[in-house]
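Colleague: below is the sequence, then the predicted model.
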Amino acid sequence: MNARLASLTALGLGSALLLTACGGGGQDLTEGDGDDQAAGACEPGAEAPVVEETDIPVVDIPESGEDADEINIALIPWEEGIAATALWEVLLGEKGYDVTITELDVAPMYQGAANGDVDLFLDTWLPQTHADYWADYGSDLENLGYWYDNARLTLTVPSYMEDVNTIADLREHADELDGQIVGIESGSGLVRTTKEHAVPGYCLGDDLELVESSTGAMLAELDSAYQAEEPIVVTLWRPHIAYAQYDLKDLEDPEGMMGGAETIHAVGRGGFAEDYPNAASWLSEFTLSDEELGSLESLTLDEYEDDPQEGARVWLSENPEFLERTLGDDAEGLEF
């Protein structure tokens, strides 16, 4: 079943992706001639993010009950979210649900879920990346459990940039990088972490500007530079299909400014488990390994780029053990 793509304005959640080259907090990140910014001449301006284990209990799920027929899944078009959402769109469609996919930016997504305008979101990163959003809206949301446990924020360059191996090395190569770190959406935890921790923590601010754009714009810049073998540094994250498409290396982060490994959670609006006890039970069993997520992304984002739902169907046909461990007896009769 193909989902209907609901518009932002249909939910009253209009929020355009920001495309701007401004730096952090109105600060001019390119001010200064850089002559006094030789390595070691700067006092770091930030500490590493405090990443604490966040004890967010999984919501209590009723043992039985009848699910509502319609379900609205919010999608922020980040690669792992596209893959996971296509997977559940197909699964729930085959189980008889009327599935709507609503594409949103990160801030209105959390607002919409907290307000009950969308039912489910599959790409909440904790304990660091989305900590601010969870602090603001978590009391109105239900944690259905994490499905991936090796997510990381990175600053990344092509491997052919042999002399750039750590984040601190970027200062010495600012000119060839045109003084830019190519970022994604301004509201993302990745941009916030880069801006508030990595840039000041490694004294990059006088030499490099964090350009906030969108995920699509960042990937387009990466592809263009890579094809021409030109220098570029981008904000990226693992898991991401770009690592399979290009020969990339994550810059070493000895000060821990980009944080550590995180978990990716499925999150429902308040009352989700009560309204969807069966779907909530399946989602609580949802897990993907590195290899499984990599193959799912390859199919949904690359081989079937124009039809990620078909890519998800192919993946499900090749991974029957996923259905068995996730849906249990409810997988009986499903064929892809």
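Modeller: Arrived safely, thanks for sending.
Colleague: how close does residue 282 sit to residue 242?
Modeller: From residue 282 across to residue 242, the span is 30 Å (Cβ to Cβ, to the nearest Å). Where you see a C-beta, it was placed from the backbone N, CA and C, and this is true even at glycine.
Colleague: quick check, residue 164 in contact with residue 170.
Modeller: Yes. With contacts counted by Cβ atoms under 8 Å, residue 164 reaches residue 170, the gap being 6.5 Å.
Colleague: I'd like to know which helix or strand in the chain has the lowest mean pLDDT.
Modeller: strand 4-6 (a mean of 35; mean pLDDT, DSSP states H and E).
Colleague: who touches both of residue 164 and residue 170?
Modeller: Contact criterion Cβ atoms under 8 Å, 6 or more residues apart in numbering; residues shared by residue 164 and residue 170: 233, 251.
Colleague: care to break the protein down by domain?
Modeller: 12-26+152-250, 70-150+262-331 (automatic domain parsing).
Colleague: gap between the two ends of the longest one?
Modeller: This points to domain 70-150+262-331. 20 Å (Cα to Cα, to the nearest Å).
Colleague: same question, stretch 193-212
Modeller: 13 Å.
Colleague: how far off centre is that stretch?
Modeller: Here stretch 193-212 is found 20 Å from its chain centre; the criterion is Cα atoms, centre = their mean, to the nearest Å.
Colleague: check stretch 118-130 too.
Modeller: 9 Å.
Colleague: got the end-to-end distance for that stretch?
Modeller: For stretch 118-130, the separation between the terminal residues is 18 Å (Cα to Cα).
Colleague: where does residue 314 land in three-state SS?
Modeller: Three-state assignment for residue 314 (DSSP: H, G, I helix; E, B strand; the rest coil): helix.
Colleague: neighbours of the residue lying closest to it once chain neighbours are set aside, how many?
Modeller: Of all residues not flanking residue 314 in the chain, residue 299 sits nearest, at 5.5 Å (Cβ to Cβ, 6 or more residues apart in numbering). By other Cβ atoms under 10 Å, the residues close to residue 299 number 23.
Colleague: with the one 3 residues further on instead?
Modeller: Neighbouring residues of residue 302 were enumerated by other Cβ under 10 Å; the total is 13.
Colleague: which ones are touching residue 251?
Modeller: Going by Cβ under 8 Å, 6+ apart, the list of residues near residue 251 reads 154-157, 164-167, 169-170, 233.
Colleague: farthest-apart pair in these, please.
Modeller: Within the contacts of residue 251, two members stand farthest from each other by Cβ to Cβ: 154 and 169, at 14.4 Å.
Colleague: all helices for the protein, in order.
Modeller: Secondary structure of the chain (DSSP state H): helices at 79-94, 106-115, 131-137, 189-193, 199-201, 215-227, 242-245, 272-275, 277-284, 290-297, 308-318, 320-327.
Colleague: got the buried residues for the last one?
Modeller: I take that to be helix 320-327. Neighbour-count burial for helix 320-327, with 16 or more other Cβ atoms under 10 Å as criterion, is recorded at 322-323, 326-327.
Colleague: please read off the pLDDT at the residue nearest to residue 314 from the model.
Modeller: Here, the pLDDT recorded for residue 299 equals 97.
Colleague: same thing with the one 10 residues further on?
Modeller: What the model reports as pLDDT for residue 309 is 98.
Colleague: I figured it hits residue 91, correct?
Modeller: No. If you go by Cβ under 8 Å, residue 309 and residue 91 don't touch, sitting 10.5 Å apart.
Colleague: the more surrounded of those two?
Modeller: Shown here are residue 309 and residue 91; by other Cβ under 10 Å, residue 91 has more neighbours (25 against 19).
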